[in-house]
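**Student:** model this:
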Amino acid sequence: MAMDISDAFVKQFESEVHMAYQRMGSKLRNTVRNKNNVKGTSTTFQKVGKGSAGTKSRHGNVPVMSIDHTPVECTLADYYAADYIDKLDELKINIDERGVVTQSAAAALGRKTDDLIITQLDATSNTQSEGGTTGLNQTKVNVVFETMGNNDIPDDGERYFAISPGGWTDLLGLAAFASADYVGSDDLPYKGGMVARRWMGFMFFTHSGLPVATSIRKNFAWHKNCLGHASGAEVVTELNYIPEKVAHLGTSYMSQGAVLIDTTGVFEVQAYDA
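**Tutor:** Numbering: from 1, shown residues only. This is a model prediction of the structure:
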């Protein structure tokens, strides 16, 4: 029996458990290209080149674009999250311990999905370095906007910008971001309680899992087609009784991977985030 299980024994007026605050699942999966039901250990995303139009003479042959195709391989890996629920311990607690464990395990795998995508975002060489104490500001966002525009990254509603909660509060200090005089009352960043809004062609939203080192936070902007996420097996959760343990084992598992397809459409923006 676990030495600290008595902490969860039934006491008067205590019948609910508080699961540690955590990000419940993936926030990034729907912002990248997805390929599901992959068979095998890897799959391929195609990167298609840029074509150009030309003229032809009368009765001549039409010009051929000869668009290049570059295959980008995405390797899948297996991930697990599990915990035991002692059968006799369940007699002493008045909480749904099995539900708590399985929910927590599934949430852990959801966060792992985001970790896989963030690792690929972090592989970009397009970076605004921050060596001082400047937070996220209009100038940095302008650089990303101009760079993507100059690189012909489509402004089709599929540009995303993941920022830290600290970066969000930085942008709230900008009238152009937070004032109804600029964005209109229907698109304010705090409308409806959602910490997300569209601004300068990007869908801005907060993410608690962005890399940080010595108070320098990495925020990322990207276009959906520049990253790929592949799934061989979606998150599956099961509960099995283990006789040797006299306990149930709650297990969640998945097989997934992510890959950076085109570095042109990804931008890292560093900001001071104490």
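**Student:** Would you map the strands across the stretch 151-274 of the chain?
**Tutor:** Residue ranges of the strands in the stretch 151-274 of the chain, as given by DSSP state E, counting those that start in this stretch, are 159-163, 196-199, 202-206, 212-213, 216-223, 227-242, 247-260, 266-272.
**Student:** The ones you listed: lowest mean pLDDT?
**Tutor:** Lowest mean pLDDT within the strands of the stretch 151-274 of the chain: strand 196-199, at a mean of 88.
**Student:** Check which residues of it are buried.
**Tutor:** 197, 199 (16 or more other C-beta atoms under 10 Å). All C-beta spots, glycine's among them, are computed from the backbone N, C-alpha and C.
**Student:** now do stretch 112-123
**Tutor:** 112, 113, 114, 116, 117, 118, 120, 121.
**Student:** Just the angle for whichever helix or strand the third one is part of relative to strand 227-242, thanks.
**Tutor:** With elements delineated by DSSP states H and E, residue 114 resides in helix 97-121, which encompasses its position. Between helix 97-121 and strand 227-242, the angle comes out at 160 degrees (axes from the mean of the first three to the mean of the last three C-alpha atoms, to 10 degrees).
**Student:** between helix 97-121 and strand 159-163, how many degrees?
**Tutor:** 110 degrees.
**Student:** From the contact counts, what lies against helix 97-121?
**Tutor:** strand 77-86, strand 216-223, strand 227-242, strand 247-260 (3 or more C-beta pairs under 8 Å, 6 or more residues apart in numbering; DSSP states H and E).
**Student:** what's the most buried one of those strands?
**Tutor:** Neighbour counts (mean count of other C-beta atoms under 10 Å) averaged over each of the helices and strands packed on helix 97-121 peak at strand 216-223, with a mean of 25.
**Student:** which strands and helices sit next to that strand?
**Tutor:** Right, strand 216-223 is packed against helix 97-121, helix 138-150, strand 159-163, helix 165-172, strand 266-272 by 3+ C-beta pairs under 8 Å, 6+ apart.
**Student:** Tell me which of these lies nearest to residue 245.
**Tutor:** helix 97-121 (13.5 Å; C-beta to C-beta).
**Student:** Tell me the helix or strand right after that closest one.
**Tutor:** strand 127-128.
**Student:** quick one: contacts of that next one?
**Tutor:** Strand 127-128 has contacts (C-beta atoms under 8 Å, 6 or more residues apart in numbering) with 140, 143, 144, 267, 268, 269, 270.
**Student:** Bridge partners for the residue lying closest to the second one once chain neighbours are set aside, pull those for me.
**Tutor:** For residue 143, ignoring the flanking residues on the chain, the nearest one in space by C-beta to C-beta, 6 or more residues apart in numbering is residue 128 at 6.0 Å. Under the criterion DSSP bridges, residue 128 forms beta bridges with residue 269.
**Student:** I appreciate the help and will end here.
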